[in-house]
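> Predicted structure and sequence below. I'll ask about it afterward.
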Amino acid sequence: MPAGFVFDYFEALGDVLRSCEREAVGRLGALLWAAWEADQQVFLLGNGGSAATASHFACDLGKGTVVPGKRRFRALSLADNLSMLTALGNDIGYDKVFTEQLVALLRPGDLVIAISASGNSPNVVDAVEYANQSGGVTAALVGFGGGRLKEIAQHTVHFASDNYGLVEDAHLVLEHALTQWLRQRLAESG
């Protein structure tokens with residue numbers, strides 16, 4: 001019966017959500033708030049399901065946090081421009097599709113949020129290395145053992161699971177919780 005499997009999955013997702021460090025989530029929230037306060041750009045990136053999460057996160061930051069009369073978040077998913085991705089992938093290499101966009105767009109102090117279940121996607125790792133060297137603030141949402149991103153990102157939220165679906169679900173739950181918190185904080189700020 002599928003209901004048993006589905007509810008076991010729900011239970012496992014709860015365990016994965018509780019596996020991350022509360023302090024790491026707090027730091028990521030503080031980074032996003034600081035980016036808004038300084039009117040810095042927030043860049044999001046990832047591959048596959050993580051690209052979808054990057055796109056969703058950028059949408060929720062750009063629209064879901066809107067409070068009338070308040071300045072808006074400046075958020076952009078680097079996974080959304082198909083023409084740019086394929087041109088860079090074809091002409092330069094897929095490992096540079098995010099980095100090359102950051103070369104044109106990143107300014108010191110901008111926030112780069114890299115999303116990767118394994119933490120080892122070469123193009124995501126390359127972009128974080130570039131952002132670190134160029135004055136960016138870097139954060140990673142990872143799963144599994146955290147991979148290379150856990151080592152190089154300045155801030156990391158790690159969900160302990162080797163199941164891609166559970167890790168990707170946890171990343172999406174986190175972005176929803178953070179963007180709803182940010183909207184509430186904007187509404188309450190003077």
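Looks like it arrived, so ask away.
> wait, what's in contact with the spatially most central residue of the chain?
The chain has residue 113 as the residue nearest its centroid, 4.1 Å off, counting by Cα atoms, centre = their mean. By Cβ atoms under 8 Å, 6 or more residues apart in numbering, residue 113 lies in contact with 28, 42-45, 54, 57, 138-141. From N, CA and C alone the C-beta is placed, and that goes for glycine too.
> again, but for residue 150
With contact taken as Cβ under 8 Å, 6+ apart, residue 150 is in contact with 119, 140, 142, 156, 158.
> now, which of those sits nearest residue 21?
residue 158 (7.4 Å; Cβ to Cβ).
> Neighbours of that closest one, how many?
22 (other Cβ atoms under 10 Å).
> still on that earlier bit, secondary structure element for the residue nearest to the centre of the chain, which one?
Secondary-structure assignment from DSSP states H and E places residue 113 in strand 111-116.
> Now the element after that strand, going C-ward?
Heading C-terminal from strand 111-116 (DSSP H and E), you reach helix 122-133.
> quick one: residue 115 from residue 12, how far?
According to Cβ to Cβ, to the nearest Å, residue 115 and residue 12 sit 20 Å apart.
> okay, the two: which has more neighbours?
A direct count of neighbours by other Cβ under 10 Å for residue 115 and residue 12 places residue 115 higher, at 34 against 15.
> Write down the beta-bridge partners of that one, one by one.
residue 141 (DSSP bridges).
> on that earlier part again, out of the contacts of residue 113, name the ones that lie in strands.
Among these, the residues falling in strands (DSSP state E) are 42-45, 138-141.
> For the residues you listed, give me CSV that also has distance to residue 90 and pLDDT.
As requested, those are exported to CSV (distance: Cβ to Cβ, whole Å; pLDDT from 0 to 100):
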residue, distance to residue 90, pLDDT
42, 28, 98
43, 22, 99
44, 23, 98
45, 18, 98
138, 27, 98
139, 29, 98
140, 27, 98
141, 28, 98
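> Show me which of those is closest to residue 99.
residue 45 (9.6 Å).
> hang on, the earlier thing: okay, the strand holding residue 113 in PDB with CA atoms only?
The C-alpha trace of strand 111-116 is given here as PDB (Å, rounded to 0.1, in the frame of the first residue of the first chain):
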ATOM      1  CA  LEU A 111      25.500  36.900  -1.200                       C
ATOM      2  CA  VAL A 112      25.900  33.700  -3.200                       C
ATOM      3  CA  ILE A 113      23.800  30.800  -2.100                       C
ATOM      4  CA  ALA A 114      24.900  27.500  -3.600                       C
ATOM      5  CA  ILE A 115      22.500  24.600  -3.500                       C
ATOM      6  CA  SER A 116      23.800  21.000  -4.000                       C
END
